[in-house]
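> Can you look at this prediction? I've put the sequence above it.
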Amino acid sequence: MLRITLGGAALADFPTEQASAYVKLVFPQTNSSRPLLRTYTIRHQTAHSIDIDFALHDAKGPASSWAMNAQVGDCILVGGPGPKRLVTQPADNFIIAGDMTALPAISVNLAMLPLNATGFAIIEVTTRADIQTLEHPANMKLIWVIANEEAAQNRDNPLLAHIKALPQFSGLTSIWVACEFNGMKLIRKYLKERYDLPKAYFYTSSYWQKGHSEDEHKVAKSNDTE
Ligand SMILES: Cc1cc2nc3c(=O)[nH]c(=O)nc-3n(C[C@H](O)[C@H](O)[C@H](O)COP(=O)(O)OP(=O)(O)OC[C@H]3O[C@@H](n4cnc5c(N)ncnc54)[C@H](O)[C@@H]3O)c2cc1C
């Protein structure tokens, strides 16, 4: 994970209190009129800056490549912010889950839960070194799923496996999940069968798609929504 702080005069008009909202990073293309857009979460905001946490990955993409090579003083176009997708409250208990692309949103959400909130946050990171110290209510148990260790044991979709291992909650559960597209679909199906919840308490979203750029993922996502 690489944190980059964006600031400067252009941010003077940026709305305040936007942590967990998303922005679009804009990458103009020389041979096409349409710029490439990539979606990122505001992890933290001050009066003059926003922090973006980039989950770096091997498959080259404009956003991760830009982040890996960024130098102090570089400029980037930022669109937004878009709406926040907060964990719905109040609820008797909470299940929050996601991978590193959702970790910025999960971090903000955990810090915003009431102090007496109970439940689990299951977070998949690539290695143990990716575990972060997060502010969270004492009874929200954090479960860190280490992808490279799970892969060594040939475990498919470790996030789903850990969600399946959770105890059954009674009362009103608030669910918030964001991760890779195919994984999200499996987790959504499983949780839908296990919990019968009002729509507002059941948020699942895909943040990226294995083998596909964000533009292709957008198409898959919209087909899935239909
Ligand atoms: C609402 C929202 C908020 C998001 N917030 C964040 C955030 O705060 N931090 C963050 O890191 N990401 C976040 N994402 C995910 C991010 O937008 C995608 O990972 C995006 O595809 C990255 O763009 P890229 O230019 O690096 O790669 P692309 O050009 O989109 O894709 C190139 C290749 O990289 C692969 N790829 C993309 N992302 C990953 C990944 N994480 N791991 C492995 N392979 C990958 C693709 O499958 C493709 O093969 C968010 C997505 C959404 C929808």
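That came through, no problem.

> okay, now residue 84: neighbour count?
Residue 84: 17 surrounding residues under other C-beta atoms under 10 Å. C-beta: built from backbone N, CA, C; applies to glycine.

> Now do the contacts for it.
18, 20-21 (C-beta atoms under 8 Å, 6 or more residues apart in numbering).

> hey, C-alpha coordinates of stretch 130-145 in CSV?
These are the backbone C-alpha positions of stretch 130-145, laid out as CSV (Å, rounded to 0.1, in the frame of the first residue of the first chain):
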residue,chain,number,x,y,z
ASP,A,130,0.3,-4.9,5.0
ILE,A,131,-1.6,-5.1,8.3
GLN,A,132,-2.4,-1.6,9.6
THR,A,133,-3.3,-0.3,13.0
LEU,A,134,-6.9,0.8,12.7
GLU,A,135,-9.1,2.8,15.0
HIS,A,136,-12.1,0.6,15.9
PRO,A,137,-14.7,-0.1,18.6
ALA,A,138,-13.4,-2.6,21.1
ASN,A,139,-16.0,-5.2,20.3
MET,A,140,-15.5,-5.0,16.6
LYS,A,141,-13.0,-7.9,16.1
LEU,A,142,-10.5,-7.4,13.3
ILE,A,143,-9.6,-10.5,11.3
TRP,A,144,-6.7,-10.1,9.0
VAL,A,145,-6.6,-12.6,6.2
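
> Other residues contacting stretch 158-167?
With C-beta under 8 Å, 6+ apart as the test, stretch 158-167 has contacts from 95, 97-99, 120, 122, 124, 143, 145, 147, 150, 155, 179, 183, 186-187, 190-191.

> mind listing what's buried in that stretch?
Neighbour counts over stretch 158-167 (16 or more other C-beta atoms under 10 Å) mark 158-160, 162-163, 166 as buried.

> end-to-end on stretch 146-156?
12 Å (C-alpha to C-alpha, to the nearest Å).

> Show residues contacting it.
For stretch 146-156, the external contacting residues (C-beta under 8 Å, 6+ apart) are 99, 124-128, 158, 161.

> try stretch 39-59
Counting contacts by C-beta under 8 Å, 6+ apart, the residues outside stretch 39-59 that touch it are 1-8, 11-12, 14, 16-25, 63-64, 67-68, 78, 81-82, 99-105, 107-108, 207, 211, 214.

> Of the contacts of residue 84 - the most surrounded one?
For those, neighbours were counted using other C-beta under 10 Å, and residue 20 has the most, 24 neighbours in all.

> just checking, that residue is part of a strand?
No. Remark: residue 20 does not belong to a strand; assigned using DSSP: H, G, I helix; E, B strand; the rest coil, it is coil.

> Centre of the chain to stretch 179-188, how far?
The gap between the average C-alpha position of stretch 179-188 and the chain average comes to 13 Å, counting by C-alpha atoms, centre = their mean, to the nearest Å.

> Sitting in helices, which of the buried residues of stretch 158-167 do you find?
When DSSP state H defines the helices, the subset of the buried residues of stretch 158-167 inside them is 158-160, 162-163.

> will you turn those into CSV that also has pLDDT and distance to residue 45?
As requested, those are arranged in CSV below (pLDDT from 0 to 100; distance: C-beta to C-beta, whole Å):
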residue, pLDDT, distance to residue 45
158, 95, 32
159, 96, 28
160, 97, 32
162, 96, 31
163, 97, 30
